[in-house]
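Asks: Pasted the sequence and its predicted model underneath.
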Amino acid sequence: MQTISLKSNSPDMVIPLLINAIDREKRILLDTLRISSEKIKKLSESHGVDIDKLMRGEVEHTEANDMQLIELEGEIEISKHIEAELKELESVEICK
């Protein structure tokens, strides 16, 4: 883990602001992840698609389902990206 330094004329004021901003971003990401997960579940159920098989490339894309599968794959990738961002934010430690 690397250290990032910030300089401030009033660290006693800035540190709580940073903590609040990080906490707010975590809440936003968690909410976004919840929405994305619900969308993934809804899409996979409505199209009868096993997500693991889809991501391994084992689900055939046809002319009839191509756009729906692309949307589902995109939502899964978005979800993975959000999870990675959340993991990074959860590892942040603010030191005084």
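Replies: In hand now; what should we look at? This is a predicted model, so every value here is computed, not measured. Numbers count the residues shown, from 1 in each chain.

Asks: from here on, contacts and neighbour counts on C-alpha atoms
Replies: OK.

Asks: give me the low-pLDDT residue ranges for the protein?
Replies: Low-confidence segments of the chain, defined by pLDDT under 70: none present.

Asks: quick one, helices of it?
Replies: Assigned by DSSP state H, the helices in the chain fall at 11-47, 51-55, 66-90.

Asks: Now tabulate those in CSV and tack on distance to residue 2.
Replies: Below are those laid out as CSV (distance: least, C-alpha to C-alpha, whole Å):
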stretch, distance to residue 2
helix 11-47, 17
helix 51-55, 33
helix 66-90, 12
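
Asks: Let me know which of those is the nearest to residue 1.
Replies: helix 66-90 (10.8 Å; C-alpha to C-alpha).

Asks: I'd like to check the angle between the closest one and helix 11-47, please.
Replies: Orientation note: helix 66-90 sits at an angle of 150 degrees relative to helix 11-47 (axes from the mean of the first three to the mean of the last three C-alpha atoms, to 10 degrees).

Asks: which helices and strands does helix 66-90 pack with?
Replies: Under the contact definition 3 or more C-alpha pairs under 8 Å, 6 or more residues apart in numbering; DSSP states H and E, helix 66-90 sits against helix 11-47.
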